[in-house]
Structures are given as structure tokens and as C-alpha cells.
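Asks: the following comprises the amino acid sequence and a computationally predicted model.
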Amino acid sequence: SGVVLNEMKGAFSSVDETIVDELNRMLFPDNCYKYVSGGDPRYITDLTYEKFIETHQKFYHPSNARIWVDGNLDIDEVLRFIHEEYFVNYQKEEMDFAIPMQKVLPAVHNRISYEVSENEPTENRSHISFAKIISTYDSYVQNIAWSALSSTLVANNESPLKKAILDNNLGEDVDLDLYDGIQQPWLVLTIRNTDADKYNAIRETLRSATSELVKNGLDHEELHATINQMEFRYRESHEPAGLMYGQRAMDSWLYGGDPAEPLSNGKIFDILREKIEQGYFEELLSSFLLDEEHLNSLTIVPSTTMGAERIADEKKRLADIKASSKENVLKYIEQNKALDLWQQSSDTKEQLATLPKIHLSEIDEKPEDLPLQIEKVQSVKTLVHPAQESGIVYLFFYFSLAGITIKHLPAVGLFTDLLMNLPTTKKTVRELQRAVRKDLGSLNIVTDVYSPDNRSDACIPVLAISCSVLERNVDKVVPLILEVIKDTKFTKEEILPILKQGNEGARQSIIMNGHSFAMRRVSAHHSAEGVFREYIGGYENALFSKKLEDNYDEMIDEIINEFEMYQEVLFSKDRLIASVTGNHLDVVEEFIASINRIEAQGNVVHYPLLQEPKEALQIPAGISYSAAGTNIKSFNFEYDPCLQVIAHLLTYDYLWTEVRVKGNAYGTGFSANPNGNIAAYSYRDPSPLHSIEVYRDIYKRIKQLAEDEQTDLAGYIIGTIAAAEPLLAPAAKVRLADIRYFRNTTYENLCAARKKILSMTRENLARYVALFEKALQEPTSCIVANAETIEQCKEEGYTILDPIS
């Protein structure tokens, strides 16, 4: 066991990670890109401590470092600090770790397997990929062109390459991904959920479709629209800007290039627009798919025995160690004893004193205020935010989902996903998405939910339409939104492929993010907000979607009727709260004037909570996840802002030590929601049932800290405030202000919470000991795990959830 070992067991449970790792080996056999950067689980245990130290000293040296600084600072003082605190401790060495350029080799085809559960179907579960090295790091125009071309070719089910595969029943989805930020970027086209024996048909279909596109030309309007949107996103503010600039500079600097070059790519968009009419993009496409001499291919097929084989191999390796010489066995025992001793030791005061610290006196006593004004536009409440200096307008339209029963929430989730991905009465999907890319920065439709006044028994669920647009194009917003919400055509033939693609995404998401799934499931036992999130995006939603796919012909007509009813009922003035930046109430007024008024009663909803206290779900993976939690209001305890400090403390003190360092889970954490929900989780965990036991003892650590006069909470307080107030881009600030409105969180509330957090002391911890002792002795728990762990869960009385594969 080990933290990194379990991290990579989790990574290797992903079919996408498996594909990428194998393609790297195929494309880069002669340099370091062939290796798995995080380590292959089969070989991680072969790494010796001596080799680890040798490698660290070789590469992690300031002579091999690139350093950037950002911000309004005294550069001479910063350079002095770097020299005196870092460089002075080392001797300058001549280092050259240049990565050899990989010669592009003749194409090869490989076939490998990936793990699925023993009872999972394997038909149409293979994936076929085609990959090629396509440029170098300094081919800036070409690399950005490939990003634009990828969107044009596979962005939706009507895009030409994806459509060719889907129309011929050769797969359920198609992705085209550029792997850049390395010395030699490469491109991979993946056909998902197909059969391995369709390889030749897929290859011929790709040849035919590509030849036609090269001969007749790509859709130039589509390319213009895509480049417009890429430029919008390039110029829009994002945070943390300094970190992102530094990372962008590294894409060139690491390989001997000019670090400033990637920071001035804005001019490239005009160059690309000129190249559209010069046949440049057709040449790129031809060089990738029609020049097959260097086009590698990979088939990855499902295996129902791979999990058992992996477990058997691990057991054999352990048995071999135990069967080796007595001296060897004793060596391992002593090493593990030393490791256990080190894991249980704490840093000394002297060691901790070497770390730079921020003092509480340096923290602003007031949180950032995000002002907004509330206006009425045709009787619709409208949140008005300050104008943006960038000239970008942000618009949000929130429609209440009150009145929709819990049974129908999964259908609402699917309804929301389908908008923007189906044709309208006026446009095909390609035309619709092209119009968005051409004239807007973004247009998204999602569901969300808020707990008003920190209530656990009620919530405000919404369908949210968000849009960003340059001021000069603001007149294009309303017609596009109205077309999407009023004129989308729900046809069974076009819904099915999207449903299948979503179901595959959900399967992979649960394998890779089982902790999020488990946390969501636990929350649904204790709050209305949690119930909504579970039925919209959790196990209940995945179960509904699987049932719909399995019984499509029998169910789809009724579902379509439901969608058409939502079109009529949901987008009503009585359900709407609008939000806008700057002086653009005219846009809100135009939108409101164009929608119906269908009477709706209130926006606060109560949902029945889930009841089963211990649940588990099996996944095909080498690792597991856990979550356990409750609601403190069940124990007559009201939410207190100091719980955020305790959550931060538990994450980086107790849970870090017990679950990560000692338990070898790759990740762990604790959350405290203002609605009263508290929960602990583990991520890529070899022993999730043990982690559940660790959570029960949280109160002991709180008691220990409360009684220890040496306890210093300053670092945890500062960390809590930093997590609550990260750098935010303008769009994120608007969104956060809206969330505060729905939750009825005033600036006065935030100031009072900040004051309470800053004044928290060791003695304050004592009042939480009894709460955590009671609340987490029998928490609601959910485990997402491999077959071996699921058998243990059965013995512990867990209810095993039906699989969604």
C-alpha cells in the first residue's frame, strides 16, 4: 500500500488514462514521454528509497529551475529574497536535461484491455483511437488551429467526423483531443463504445469522410465562429491570472523557447482567420487522417477478468516476499516499523518555525463586498451588478423548478442537458452552436440549488441560463436564448445518441470521482439541497438514465411529452429572477416581454430525504472511495462559522494523518455546509471501511487540541479565509453575488462570520467535542468500491446499490 500507489491505481481505473498512457508509449518510444509521470502501479513498489533520493537531488535543483513572479511588487527585493532564501544554499551546476526530439516512426497498431466488472456487458464497450505527433511546442499557429479544427469536426453529433461514425453505427461517441504543453504535441481521435471487429470499417469511414471534407472544403463559417469564441475566451479575465501566465510561459520556456511568446498569442486569431480561405485547415486535416504512414492506432477492449487477475498478481507478489529469505522478510518488517514510527511522529517546533507564516493581524477583518441592486423589470426581480471594464456583459436567467416532484427531477436533468444539443425548428444543432460561438462568448443551461437562510429542510432549485457577450453583440442574446428554450425539437432519434454519451460519461465519472458521488448520496439523507443534487446529478439520475436507455422504445414518448410540457411551463415570468451587469436592463426587458406568464406558487421546495443509512456501489477499479456524514441540526446544534475552521483543521491535520499518511488514501477531507450538513470523505482509498471508523474518532482529536495549551489555530484560520475568498474572475464574482442573494446571505452576515472566525481560540473547540462524538458515531455512510471491498461491505450490513453499467 502507499499514497502514490493508490493514486495511480485510481488513475489506471480510467479507460481514458489507460488509452493515453499506451499511446504515449507508442508515439514516444525514445524519450521520457513514454513513461507514466505518476508511476505505473505494477512498478511503483520497485522504486527504492536510494533511487528516489538520487532522482530528487538530480532534477529538483535550482540550476534546473524556472522561476516567475507576478504582481505589483518590488522586483529587486523579490530577487534578493530568492537569492538569500533559496539560491545561496546550493552550488550552481551546469545542467542539461533537454528532452530528445522523438523521430516520427512508422505507424503501429496495438490492442490492450481495460477492467470492467464481472457482470458488466462487454458488447459495444471497446474504444478505438488514432494518434499522431503533429507539431512542436513552438508551432503556435498550428497548435491553436488544431484546437479550432477539433471543435469543428466533433463538437456535436452533427459535426462531420462524428456524424459519419454515428450514422454508420460504428460507435456511440467521437472525441478529438490535442495534447499540447509538451515538446511535441500530439493528436488523438477516439471512437467510443464500439466493437473491436469494426476497426476496418471505422478506418474506411474516416478515410471517406476526410477525403470528402478535404475535397469539398470544411465549413468556413463554422471555423470563423470557433475562432471568434476562442479569442473571446483568450481575452476574458481568468483567475489566478499570474499562475496561468506562468504556466503558459512554461509551454515554451521549458523547451528552450521564448517564455514571452505564448503570452502574446492574441495576434494568432487574425492569422487563422486569413488561413481559412487559403485551404490551411483542409491541409491540416489531410495530414492527420489521410497521411497514414505515421498514424498509430489502438484498440482497447473490456475485460471481465482483469480485476481478479490484478488482485491475484498483488497477492502473488506479497506471497513471494513472505517466501523469500528470512533476512529479506525481516528487512521489510523493520522498514515498515520505521515507516509507522515516522508516520506517527509530529513536526518539531523548530521544524515548523522554518516555514514562512502570515499573521492574523495581516488578514483583512472585512470580506470583499459584492454589491448589487435589486430592480423590478415588468414585475420580475432583477439583480443588477456593476459594469465590467472589459466590455463584456454577463446575463443570468434563473427559473424556479418548484412544483416538480422528486420522481421527475432526473428527467429535468436530462431536459437541461438536451437544450443546446438538439436542433430547433429554425436551425440544425451545428447552426445553433455556430451562432453561439460566432456572436456570444458563452451560453450555458444548467440546474442549481440553494439553501435559503441555511435551512436543511427546504431549498430553492433553479434552471439557470447564463450568457457572456461583448457589448457590441448584446442584441444577439435574446433571440438565441428564446430559440433554444421555445423551439428545441425533441425527437427520439436524436435524443438516444446523446443519452448514451451521457451514460458513458456518468460511468467513467463515478469510477474516477467516487468520493463526489458518495458525498452527494450522503447529503441526500440530510438536506433538501442534497436530495435535489442527488436526483439531478447523482446515482438516482444515473439509474434513471440507464433505465431509459435499456427501455428506450417503451419510455421515450412519455419522456418527450414531459419535455414539451417543461418548455411550456418552466420558462414563465412568474418563475424568473434575472441578473445582469451594467446598464443593460433593456436586454432583460426584451427577454421578459417574450416569455409567457404561467402562474407559479413560491420557489421554496421540500423533498423527502433518503433513508438507507449504509450504502455501497461496486465499480471496476483498483481502488475505492468513502463518505460519511450527518446534519448537526439533528443534534440540536445550529451552524456556526467556526465549523469552517474545524473542517479545515480536520482536513489538514487529523484526516491527513490518519486517512492519507497512515491509511494511504490519496485524498481526504471534511466539509461543513451552512445548512448543517457535515461530512468526511476519502479518495482513492485502499481501506474505505477503516476510514469510516477513523471518522468516528474525530471528536477525540478535537478534544485533544482543545486541551493542549500549545494548540495554535492561526494557520487554520488563515487557511479557512483563503479558501472562502479565492481570487475570482468578473464572471465568478457576479455568480457568487447571485448565490448570496438566493441564500439570503447579507454582507453583514459575512462580516459577522469573518469576525467570529478571526477570534476563534483553542478554548472554542471544546464546545464541539460532544457534537462530533454524537453526530459521527452512527453517520450515514456510502462506499464506492471494487468487488473485494464490496464483499466486506456486505458483511458490515451495507445495502448494495444496483449497478449502473
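Replies: Nice, I can see it. Keep in mind it's a predicted model, so treat the numbers as computed, not measured.

Asks: look up how far Val784 lies from the residue nearest the centre of the chain.
Replies: Closest to where the C-alpha atoms of the chain average out (Cα atoms, centre = their mean) is Asn513, at 8.6 Å. Using Cβ to Cβ, to the nearest Å, Asn513 is found at 9 Å from Val784. Placement of C-beta: from N, CA and C, glycine included.

Asks: next, show the common contact partners of the two.
Replies: Common contact partners of Asn513 and Val784 (Cβ atoms under 8 Å, 6 or more residues apart in numbering): none.

Asks: measure the residue nearest to the centre of the chain to Ile783 for me?
Replies: Using Cβ to Cβ, Asn513 is found at 14 Å from Ile783.

Asks: please apply the same query to Tyr695.
Replies: In terms of Cβ to Cβ, Tyr695 sits 12 Å off from Ile783.

Asks: of those two, which one has the most company?
Replies: The neighbour comparison of Tyr695 against Ile783 (other Cβ atoms under 10 Å) goes to Ile783, with 30 against 27.

Asks: list the contacts for that one?
Replies: 518, 615-617, 624-627, 688-689, 692, 789, 793, 798.

Asks: closest one of those to Gly403?
Replies: Glu615 (28.9 Å; Cβ to Cβ).

Asks: run through the stretch 701-805 of the chain and note the low-pLDDT ranges.
Replies: Residues of the stretch 701-805 of the chain meeting the criterion pLDDT under 70: none.

Asks: in stretch 46-63, which residues are buried?
Replies: Going by neighbour count (16 or more other Cβ atoms under 10 Å), the buried part of stretch 46-63 is Pro62.

Asks: now that stretch - C-alpha only, CSV.
Replies: Taking Å, rounded to 0.1, in the frame of the first residue of the first chain, the C-alpha atoms of stretch 46-63 are listed here in CSV:
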residue,chain,number,x,y,z
ASP,A,46,10.1,-1.5,-7.2
LEU,A,47,11.3,2.1,-6.5
THR,A,48,13.9,2.2,-3.8
TYR,A,49,14.4,5.0,-1.3
GLU,A,50,18.0,5.4,-2.6
LYS,A,51,16.8,5.8,-6.2
PHE,A,52,14.1,8.3,-5.1
ILE,A,53,16.7,10.5,-3.3
GLU,A,54,19.1,10.3,-6.2
THR,A,55,16.5,11.3,-8.7
HIS,A,56,15.2,14.2,-6.5
GLN,A,57,18.6,15.6,-6.0
LYS,A,58,19.4,15.4,-9.7
PHE,A,59,16.3,17.1,-11.0
TYR,A,60,14.9,19.2,-8.1
HIS,A,61,17.8,21.7,-8.1
PRO,A,62,17.7,25.4,-8.7
SER,A,63,20.1,25.0,-11.6
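
Asks: what's it in contact with?
Replies: Counting by Cβ under 8 Å, 6+ apart, Gly39, Tyr86, Phe87, Tyr90, Lys92, Glu93, Glu94, Met95, Phe97 sit against stretch 46-63.

Asks: now do 7 Å
Replies: Applying Cβ atoms under 7 Å, 6 or more residues apart in numbering, the contact partners of stretch 46-63 are Tyr86, Phe87, Tyr90, Lys92, Glu93, Met95, Phe97.

Asks: give me the lowest-pLDDT entry from those.
Replies: The member of the contacts of stretch 46-63 with the lowest pLDDT is Met95, at 87.

Asks: what strands line up against the longest strand belonging to the chain, and which way round?
Replies: The residue-count maximum for a strand in the chain (DSSP state E) belongs to strand 460-470. Applying DSSP bridges to the sheet, strand 460-470 is found paired with strand 392-400 (antiparallel), strand 442-450 (antiparallel).

Asks: for Asn110, give the beta-bridge partners.
Replies: Applying DSSP bridges, one finds that Asn110 bridges with Leu298.

Asks: in the longest helix along the chain, what's buried?
Replies: Longest helix in the chain, counting residues (DSSP state H): helix 492-512. For helix 492-512, the buried set under the neighbour-count rule, 16+ other Cβ under 10 Å, comprises 494-504, 506-507, 510-512.

Asks: do the same with stretch 697-709
Replies: Buried residues in stretch 697-709 (16+ other Cβ under 10 Å): Ile698, Tyr699, Arg701, Ile702, Lys703, Leu705, Ala706.

Asks: now, which of those lie within helices?
Replies: Those of the buried residues of stretch 697-709 mapping onto helices are Ile698, Tyr699, Arg701, Ile702, Lys703, Leu705, Ala706, per DSSP H.

Asks: ok, now how distant is the residue nearest to Asn421 when sequence neighbours are not counted from Gln378?
Replies: Distance criterion Cβ to Cβ, 6 or more residues apart in numbering; nearest residue to Asn421, sequence neighbours excluded, is Ile498 at 5.7 Å. Per Cβ to Cβ, Ile498 is found 35 Å from Gln378.

Asks: also Trp146?
Replies: In terms of Cβ to Cβ, Trp146 sits 46 Å off from Gln378.

Asks: do the same with Glu748
Replies: 30 Å.

Asks: neighbour count: these two, which is higher?
Replies: Set side by side, Glu748 and Gln378 show more neighbours around Gln378, with 14 against 8, by other Cβ under 10 Å.

Asks: quick one on the thing from earlier: who wins for proximity to Tyr179 among the strands paired with strand 460-470?
Replies: strand 442-450 (24.2 Å).

Asks: and for the closest one, what are the contacting residues?
Replies: Contacts for strand 442-450 (Cβ under 7 Å, 6+ apart): 412-413, 416, 419-420, 436, 459-468, 480, 529, 532-533, 536, 739, 742-743.

Asks: surely Glu663 is in a helix?
Replies: Not Glu; residue 663 is Gly. No. With DSSP: H, G, I helix; E, B strand; the rest coil as the criterion, Gly663 is assigned coil and is not in a helix.

Asks: does it touch Pro688 like I think?
Replies: No. Contact criterion Cβ atoms under 7 Å: Gly663 and Pro688 do not qualify, at 9.3 Å.

Asks: who has more neighbours out of the two?
Replies: More crowded of Gly663 and Pro688, by other Cβ under 10 Å: Pro688, with 32 against 22.

Asks: may I have the phi/psi pair for the more buried one?
Replies: phi -60, psi -30 (degrees, to the nearest 10).

Asks: where does the stretch 551-700 of the chain have low pLDDT?
Replies: Using pLDDT under 70, nothing in the stretch 551-700 of the chain is flagged.

Asks: ok, which stretches of it are strands?
Replies: 576-581, 614-618, 624-631, 667-672, 677-685 (DSSP state E, counting those that start in this stretch).

Asks: tell me which of the ones you listed lies nearest to Ala402.
Replies: strand 576-581 (12.2 Å).

Asks: Lys267: neighbour count?
Replies: If you count neighbours by other Cβ under 10 Å, Lys267 ends up with 9.

Asks: next one: Glu693
Replies: 11.

Asks: repeat that for Leu223.
Replies: When neighbours are counted by other Cβ under 10 Å, Leu223 registers 24.

Asks: how's this structure carved up into domains?
Replies: Residue ranges for the domains of the chain, per automatic domain parsing: 3-101, 109-303, 373-593, 614-713+760-800.

Asks: will you turn the ones you listed into CSV that also has distance to Gly719?
Replies: Output for the domains of the chain, formatted as CSV (distance: least, Cβ to Cβ, whole Å):
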stretch, distance to Gly719
domain 3-101, 21
domain 109-303, 16
domain 373-593, 20
domain 614-713+760-800, 5
